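Enquirer: Give me a 3D structure for the following:
(one chain, ligands or ions: 2)
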Amino acid sequence: MLIDVALPVPLYRTFTYRVPDGLTGSVAAGSRVVVPFRNRKEIGIVVGTATPTDTVKYKDVVEAPDEAPVMDEALLTLGRWIADYYLAPIGVALRSALPAALTGVDVPVPARKTRRVARISRELPSLLHRDRIFARAPQQRALYELLEAIGGQASVEHLGGKLAFSASVLKGLVARGLVEIDFETVERDPFLSRAQRAPDAHVPTEAQAHALERLAVAPPGHVALLHGVTGSGKTLVYLDFLKQLVLEQGKTAIVLVPEIALTPQTVDRFRAVFGDRIAVLHSALSDGERYDAWLALRRGEKRIAVGARSAIFAPLRNLGAIIVDEEHESSYKQGEAPRYHAREVAVVRARTEGAVVVLGSATPSLESWSNASSGKYELLTLPDRAGGAQLPSVAVVDLRAEQPKRPPSENAVGETAFSYAIGPALEAALDDRLGKGEQSILLLNRRGYSAFIQCGTCGDVAVCPNCSISLTYHRTPERLVCHYCLHSEPLHLSCNRCAGMRLRQRGLGTQQVERLLAERYPTARIARMDVDTTSGKWAHTEILDRVGAGEVDILLGTQMIAKGLDFPNVTLVGVIDADVGINLPDFRASERCFQLLSQVAGRAGRGPKGGAVLIQTRCPTHHAVRCAVTHDYRGFVQQELAGRKHPLYPPNVRIANVVLSGTQEDATARLATRAAAWLHKLLAKHATPGMTVIGPAPCPVERVKQRWRWHVLLKAERPQDLGRVAQYLVDRFEIPKQFGLRMTVDRDPVALL
Ligand code: ADP
Ligand code: ZN
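Expert: Ligands and ions are numbered 1, 2, ... in the order given. All right, here's what the predicted structure looks like:
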């Protein structure tokens, strides 16, 4: 027997192998096979049988490890669609639909039982003492302070792997008695041991009841957009809908959330209703644990998969529904091949398997909104907050009027005054909440201490040696860090270019605001939540649980605090700088800003005490800010859609971003020019109305990880045209094998940076 096998290699084809007689019993479409490929073994997925040609001698399959196929016909079909639509090799598309444990040539890894944990064993409260101890060991200091910053402990694997500290630095700290290393039994999955809450027992509001009635009669493949303002009770609609499907009709369901760690409350609410019928696919699972969950779903022991993007591939049969919560979130789009968008995959999967899709958001993506406007999706609306709560009042503080023109620290790397970060209005509101024992949330979507360092003499800004991005100043540990490639270096004492000594910090980051708050409110309990404080496995959940338990007065953080949090005692939300990101050269910059402001504002006033929102901005008239202030989603959409007509951008047109990159600047530019010319010629030859080629141009971030980047934009009125032209480009356009030249095609990109 001959079979076609999809291998996870960057080639747009399948490979034919012979199945030896002994293995034919365990080979079918969707099963895994181990095959020889270029002097190594690869694991691939059988996609079908092949017909022999006389001239070729086929290699033999080495091994067929599965008793039953790991992918059923429906998932294979989905994988093919992803490969076609997102222009990914079929083997790469199929691989991303399986848990990691099934895609390596090695057997599945068992769940980890113990791990090594590094813990601070001696505190160093005196800074002088610390300076002396670490005078000749800056690396040790960096590691020590990092441990401090993330709560005093971290797994050794994490320090070495993600954070790239070498074993010798850690050893040094241990030898000096500052840090100790323990074995720790890996905790039972904390999501399973979290206190069980009582299921929501509300009587649905009229709007919720209407939405539920509509969903109950939705035909297979139907897509509903549930547009509900923040706090309108979208989760109750999901829960009641799934109760019907899963508990009464015996079906299964997938619930997608942007990121499990950020939405523990949502997960708790599902667990309260469905108990151990749920598999929570969170990112802290080991490969072995993830594989166990996959098996349980496949065997039907678990009936609901809750997880981020990749949970869309949960091996469930008899699928009744797919819920996509916060459907506008850009984390649903995968940043590497296959560059799929889980929301779109959900719609396709539901269509093939006869399930119903619910896309929920307070600020739907413009794509989904226009699909609802055109009647392709059904629009269900929850216009008011549930349980009698009101939307918070939102006020704008115009920073141009309130602040001194320049930060007082203008002359040195020094301290910014509190009032530069937090103006009098926000300060008064914070005072008031602290006085009353109510909680506040402060958003600043920029981590680190200050955004960048600039020379006061020549104006030079410290940039990353690998990327065309300025370095962010971090204080603990004290480093300049690139947020793109994670390069880090010590803070310079003088300017790299002119050797001037007047280095200035520009742009506030969360670390700095945390410090200013701590100085201004020494007795307040402040928690900071950003990438730097949440590198531990359960750090997010711990911080959020503390807020929920009333142990935090002020929660300060980046966009990660804006998502589905429901804390009734939060009566104030302050946005320290609404303009971060608003001027990025990306067509979605305004949309993202509006969403972020609306979402974070939605955290206020969820309880009987009501709530208020204060937004500090220098662009009070920008429509993203203006419409967020008035809770005017429709107004925003109208203006934004109009703005995306000239020049044309989605959803008014379909686009694919063709990125050409390489290690050499000229060669990359030349390749991009050639690609654009090639596309122009193609379109001229085969008249394709409604299609245009824009560019080439350098990407807004011109260099990342030592690679130069240029792009060409393909725009099309009809998706089929875009798909065909892009596929033709991928198949036929030749990339010279030099200077590491590469081409990637990102269809329906979420950003063009
Ligand atoms: P959303 O997901 O739309 O932001 P949630 O589902 O978090 O909103 O609901 C907000 C709050 O309203 C929650 O505390 C929830 O328990 C409560 N709630 C939801 N539906 C009702 C209802 N029908 N009656 C009373 N309270 C409700
Ligand atoms: Zn970099």
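Enquirer: Whichever residue of the stretch 551-700 of the chain sits closest to ligand 1: how many residues sit nearby?
Expert: Using C-beta to the nearest ligand atom, residue 566 is the residue of the stretch 551-700 of the chain that sits closest to ligand 1, at 4.5 Å. For the C-beta atoms, the positions are set from N, CA and C on the backbone; glycine is no exception. Using other C-beta atoms under 10 Å, residue 566 has 16 neighbouring residues.
Enquirer: State the distance from it to residue 118.
Expert: According to C-beta to C-beta, to the nearest Å, residue 566 and residue 118 sit 35 Å apart.
Enquirer: same for the longest strand belonging to the chain, what does it pack against?
Expert: Counting residues, the longest strand found in the chain (DSSP state E) is strand 691-704. On a contact count with 3 or more C-beta pairs under 8 Å, 6 or more residues apart in numbering; DSSP states H and E, strand 691-704 meets helix 665-685, strand 707-716, helix 719-732.
Enquirer: Residue 154: helix or strand, and which one exactly?
Expert: strand 153-155 (DSSP states H and E).
Enquirer: Name the residues of that strand that are buried.
Expert: 153-155 (16 or more other C-beta atoms under 10 Å).
Enquirer: residues in the protein within reach of ligand 2, list them.
Expert: 464, 466-467, 482, 484-485, 487 (C-beta under 5 Å from the ion).
Enquirer: from the buried residues of strand 153-155, which is closest to residue 531?
Expert: residue 154 (14.2 Å; C-beta to C-beta).
Enquirer: Now that the closest one has come up, it's in contact with residue 537, right?
Expert: No - here residue 154 does not reach residue 537: they are 9.1 Å apart, not a contact under C-beta atoms under 8 Å.
Enquirer: quick one: residue 441 is in a strand?
Expert: Yes - counting by DSSP: H, G, I helix; E, B strand; the rest coil, residue 441 is located in a strand.
Enquirer: Just list whatever residues bridge to it.
Expert: residue 555, residue 573 (DSSP bridges).
Enquirer: Surely it touches residue 561?
Expert: Yes - counting by C-beta under 8 Å, residue 441 does reach residue 561; the two are 5.9 Å apart.
Enquirer: what's whichever strand or helix holds residue 83 packed up against?
Expert: Here residue 83 sits within helix 73-85, counting by DSSP H and E. In terms of contacts (3+ C-beta pairs under 8 Å, 6+ apart), helix 73-85 is packed against strand 40-49, helix 90-95, helix 342-353, helix 719-732.
Enquirer: just to revisit the earlier point, can you pull the buried residues of the longest strand of the chain?
Expert: 691-696, 698-699, 702-704.
Enquirer: from the middle of its chain, how far away would that strand be?
Expert: 23 Å (C-alpha atoms, centre = their mean, to the nearest Å).
Enquirer: between the helix holding residue 83 and strand 40-49, how many degrees?
Expert: Angle of helix 73-85 versus strand 40-49, following axes from the mean of the first three to the mean of the last three C-alpha atoms, to 10 degrees, is 110 degrees.
Enquirer: returning to what we had before: would you say the residue of the stretch 551-700 of the chain closest to ligand 1 is within a strand?
Expert: No - counting by three-state DSSP, residue 566 is not part of a strand but coil.
Enquirer: The residue positioned nearest the centre of the chain: what secondary structure?
Expert: Per C-alpha atoms, centre = their mean, the C-alpha nearest to the average position across the chain is that of residue 331, at 3.2 Å. Residue 331 falls in the helix class when you classify it by three-state DSSP.
Enquirer: This structure against ligand 1: which residues are in contact?
Expert: 200, 202-205, 208, 228, 230-236, 386-387, 566 (C-beta under 6 Å from any ligand atom).
Enquirer: What about these, which are in strands?
Expert: Those of the residues of the chain next to ligand 1 mapping onto strands are residue 228, per DSSP E.
Enquirer: Report the buried members of the residues of the chain next to ligand 1.
Expert: Here, 16+ other C-beta under 10 Å leaves 204-205, 208, 228, 230-236, 386, 566 buried among the residues of the chain next to ligand 1.
Enquirer: First-to-last residue distance for stretch 43-60?
Expert: One end of stretch 43-60 to the other measures 13 Å (C-alpha to C-alpha, to the nearest Å).
Enquirer: Please point out which parts of that stretch sit buried.
Expert: Buried residues in stretch 43-60 (16+ other C-beta under 10 Å): 43-47, 50.
Enquirer: Which of the helices or strands spans residue 305?
Expert: Assigned by DSSP H and E, residue 305 falls in strand 304-307.
Enquirer: got it, and residue 477?
Expert: Using DSSP H and E, residue 477 falls outside every helix and strand.
Enquirer: nearest residue to it other than its sequence neighbours?
Expert: In this structure, residue 477 finds its nearest non-sequential neighbour in residue 142, 3.7 Å apart by C-beta to C-beta, 6 or more residues apart in numbering.
Enquirer: and the one you found, how far is that from ligand 2?
Expert: 18 Å (C-beta to the ion, to the nearest Å).
Enquirer: Please give me every residue in contact with that residue.
Expert: Taking C-beta atoms under 8 Å, 6 or more residues apart in numbering, we find residue 142 in contact with 165, 477-479.
Enquirer: which of the residues you listed sit farthest apart?
Expert: Farthest pair in the contacts of residue 142 (C-beta to C-beta) is 165 and 478. Separation: 15.2 Å.
Enquirer: More neighbours: the two, which one.
Expert: Comparing residue 165 with residue 478 by other C-beta under 10 Å, the one with more neighbours is residue 165, at 22 against 14.
Enquirer: In this structure that one contacts residue 143, no?
Expert: Yes - judged on C-beta under 8 Å, residue 165 makes contact with residue 143 at a distance of 5.1 Å.
Enquirer: Please enumerate the shared neighbours of these two.
Expert: Taking C-beta under 8 Å, 6+ apart as the criterion, residue 165 and residue 143 both touch residue 159.
Enquirer: Kindly calculate the angle that the helix holding residue 83 makes with helix 342-353.
Expert: 130 degrees.
Enquirer: and the residue of the stretch 1-150 of the chain found nearest ligand 1, how far is that from ligand 2?
Expert: Nearest to ligand 1 in the stretch 1-150 of the chain, going by C-beta to the nearest ligand atom, is residue 78, at a distance of 28.0 Å. From residue 78 over to ligand 2 the distance is 36 Å, taken as C-beta to the ion.
Enquirer: next one: residue 752
Expert: 19 Å.
Enquirer: Test my guess that that residue contacts residue 701.
Expert: No - with contact defined as C-beta under 8 Å, residue 752 does not reach residue 701; the gap is 9.9 Å.
Enquirer: hmm, which helix or strand of the protein has the shakiest average pLDDT?
Expert: Ranked by mean pLDDT, DSSP states H and E, the weakest helix or strand in the chain is helix 190-193, scoring a mean of 61.
Enquirer: for the helix holding residue 83, the distance to its chain's centre please.
Expert: Worked out by C-alpha atoms, centre = their mean, helix 73-85 lies 23 Å from the chain centre.
Enquirer: What is the burial count for whichever residue of the stretch 251-400 of the chain sits closest to ligand 2?
Expert: Ligand 2 sits closest to residue 335 of the stretch 251-400 of the chain, with a gap of 15.9 Å, by C-beta to the ion. For residue 335, the number of neighbouring residues by other C-beta under 10 Å comes to 11.
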